[in-house]
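In: dropping the sequence and predicted coords here.
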Amino acid sequence: MPYPKGFLESRAVIKPGIFTIIPPEGRVINSIPGFEGCKLTIIASPKHGASFVQYVGSVEAGGKTLVPFVEAPGVETFLFVMDGDGELQVRV
């Protein structure tokens, strides 16, 4: 889908500390260290004023994390699978 207004423009609105709206056409695929075969977009982060980090993305066949995703004490992780199936390994 092309950008609605022109080259490198979208309907995305980021008001740090207030709200962020990133429509699908405004999402940027990021290279996140430790992820292989994954296409991820950062939707929310402390740089946007949030107290959390949220990714939206897809995992290709064989995609995985190369290191434990979160090991810091007190950090909660939530995974929501919208389509397909996969294998999840959890260490507590």
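Out: All right, it came through fine.
In: and the spatially most central residue of the chain, what element?
Out: By CA atoms, centre = their mean, the chain has its centre lying nearest to Tyr55, at 1.7 Å. Using DSSP states H and E, Tyr55 sits in strand 54-65.
In: within the sheet, what are the partner strands of that strand, with directions?
Out: strand 35-44 (antiparallel) (DSSP bridges).
In: ok, residues contacting the strand it pairs with?
Out: For strand 35-44, the surrounding residues in contact (CB atoms under 8 Å, 6 or more residues apart in numbering) are 20, 22, 27-30, 32, 50, 52-66. Every residue, glycine included, has its C-beta placed from N, CA and C.
In: repeat that with 7 Å
Out: 20, 22, 27-30, 32, 50, 52-60, 62-66 (CB atoms under 7 Å, 6 or more residues apart in numbering).
In: of these, select the buried ones using a PyMOL command.
Out: A single PyMOL command selects the buried members of the contacts of strand 35-44 (16 or more other CB atoms under 10 Å):
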select buried, resi 20+22+27+32+57+59
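In: and for the nearest residue to the residue nearest to the centre of the chain once chain neighbours are set aside, the neighbour number?
Out: Leaving aside its sequence neighbours, Tyr55 sits nearest to Leu40 (CB to CB, 6 or more residues apart in numbering; 4.7 Å). Residues near Leu40, counting by other CB atoms under 10 Å, number 17.
In: repeat that for Phe35.
Out: 19.
In: for it, name its beta-bridge partners.
Out: Assessed by DSSP bridges, Phe35 has beta-bridge partners Thr65.
In: ok, it to Arg11 distance?
Out: The gap separating Phe35 from Arg11 is 27 Å, by CB to CB, to the nearest Å.
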